[in-house]
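Participant: Okay, structure incoming, though there's no sequence with it:
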């Protein structure tokens, strides 16, 4: 016995019992199944996508899914204490060009005075004016442009700077 599937595969004429067994194994084989599915999709995808079989919301979702994403070229800023000194460190990183930079601002003014045989440390915290000046001097060059931290990030720095002063 033969049919178009066994003939296409080049199998010899089989007995009816072997024919049904071999045909069933061919049709349930993962390789053949995947290849047939790919051919069916390639032959029918354009017809289905052109027709009204796809709802406009589904079509919009497909377009959004398959259109290439434009790189954002936006720097990601963070504020954290240094692992070695404990002072505030600014970090900037660009996910598009994979550049990164660390900025170490000046430490708040600290004075040690000896008063009555005892050592006393006085620290002056950074004022908002100091913070704005420091942040305005920071520039991160990446992707052919220069980035500066934004105002939201500035408040993060103030919190981190004050925590650093209080920790000393």
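Facilitator: It's in. Since this is a predicted model, take the numbers as computed values, not measurements.
Participant: what is residue 91 paired to in the beta sheet?
Facilitator: Counting by DSSP bridges, residue 91 is bridged to residue 78, residue 102.
Participant: Correct me if wrong: it contacts residue 82.
Facilitator: No: judged on Cβ atoms under 8 Å, residue 91 makes no contact with residue 82 at a distance of 10.4 Å. Just so you know, the C-beta spots here come from the backbone N, C-alpha and C atoms, and that holds for glycine as well.
Participant: higher neighbour count, those two?
Facilitator: Comparing residue 91 with residue 82 by other Cβ atoms under 10 Å, the one with more neighbours is residue 91, at 15 against 12.
Participant: where along the protein do the helices fall?
Facilitator: For the chain, applying DSSP state H gives helices covering 4-9, 16-27, 30-50, 56-66, 128-136, 151-167.
Participant: Need the ones you listed in CSV (columns: mean neighbour count, distance to residue 74 and mean pLDDT).
Facilitator: Shown next, in CSV, are these (neighbours: other Cβ atoms under 10 Å; distance: least, Cβ to Cβ, whole Å; pLDDT from 0 to 100):
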stretch, mean neighbour count, distance to residue 74, mean pLDDT
helix 4-9, 11, 55, 89
helix 16-27, 12, 52, 90
helix 30-50, 10, 34, 89
helix 56-66, 10, 20, 84
helix 128-136, 15, 17, 73
helix 151-167, 15, 12, 60
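Participant: No further queries at this time; thank you.
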